[in-house]
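A.B. asks: Below: sequence and its predicted model.
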Amino acid sequence: MIVGLGFFTRGALAATVFYIVHHILVKANLFLIGGIIGRRTGTQALAKTGGLYKKAPWLALLFLIPAMSLGGIPPLSGFFAKFTLVREGLALGEWMVISACLAVGLLTLYSMIKIWNEAFWKDAPAGESQPDRPVPLLMMAPAVALAACTVMFGIFPGVFMGLALRAADQLINPAGYIEAVLHTSPPAR
């Protein structure tokens, strides 16, 4: 998001707006899924969890959607935001900045895979009995809805990018916003 603000072009600002919405959806969903895991297992400690892939494959998938989106994997929302920002950076010739952004994306993907392996793939720790409590529907529904939004943003990015481009236009030229809020024209520059 900072890179998009630094580039300060219409496309980069639109990518930043897209990223903001993407991060709201994805990170909120990861927190919700963390709560669901805690509810099922009775702990929030990753070292004390494991084997959830076998017990709750739907939960593993529900985690993978926002985790992979955060890493920028297509067709999820994070890919399109990252793609737009990279395209803008390449047009500006900002090779080093884009290389750093892509490296950070790979590190993010690595960290999400480590978390998935710890909670879902590895076996449950020996000697630790994990409760397998049911998860109420009211706890699941928001996580499912946010995952669906993440997928929709990735499959139909044009709709959301159109809105982000309108927001970018207003960030570049705030005269219309100032007039609407203050009911007056902005001062001449």
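C.D. replies: Perfect, thanks for sending it.

A.B. asks: tally of neighbours for Met161?
C.D. replies: Neighbourhood size, Met161 [other C-beta atoms under 10 Å]: 20. (Each C-beta comes from the backbone N, C-alpha and C, glycine too.)

A.B. asks: Spell out the residue ranges of the helices in this structure.
C.D. replies: With helices called from DSSP state H, the chain shows them at 2-7, 10-41, 52-55, 57-70, 77-92, 95-116, 137-155, 157-172, 175-182.

A.B. asks: For the third one, the averaged confidence score.
C.D. replies: Confidence for helix 52-55, expressed as mean pLDDT, is 88.

A.B. asks: Mind listing what's buried along that helix?
C.D. replies: Using 16 or more other C-beta atoms under 10 Å as the test for burial, helix 52-55 gives Leu52, Tyr53.

A.B. asks: Just the CA trace of that helix, in CSV.
C.D. replies: Written as CSV, here are the backbone C-alpha positions of helix 52-55 (Å, rounded to 0.1, in the frame of the first residue of the first chain):
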residue,chain,number,x,y,z
LEU,A,52,-7.0,-30.3,11.7
TYR,A,53,-6.8,-31.2,8.0
LYS,A,54,-8.1,-34.6,8.8
LYS,A,55,-10.7,-33.5,11.4
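
A.B. asks: which outside residues touch stretch 113-120?
C.D. replies: Contacts with stretch 113-120, where a contact means C-beta atoms under 8 Å, 6 or more residues apart in numbering, come from 37, 46-47, 49-53, 59-60, 63-64, 67.

A.B. asks: Out of those residues, flag the one nearest to Val21.
C.D. replies: Val21 lies nearest to Ala67 out of the contacts of stretch 113-120, by C-beta to C-beta, at 17.6 Å.

A.B. asks: how many other residues sit next to that closest one?
C.D. replies: Here the number of neighbours of Ala67 (other C-beta under 10 Å) works out to 23.

A.B. asks: What's the per-residue pLDDT of it here?
C.D. replies: Reading off the model, Ala67 has pLDDT 96.

A.B. asks: ok, now which ones touch Phe7?
C.D. replies: Applying C-beta under 8 Å, 6+ apart, the residues near Phe7 are Leu13, Leu85, Glu88, Gly89, Leu92, Glu94.

A.B. asks: Put the buried members of those residues into a ChimeraX selection.
C.D. replies: Buried residues within those, by 16+ other C-beta under 10 Å, are selected in ChimeraX with:
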select :13,85,88,89,94
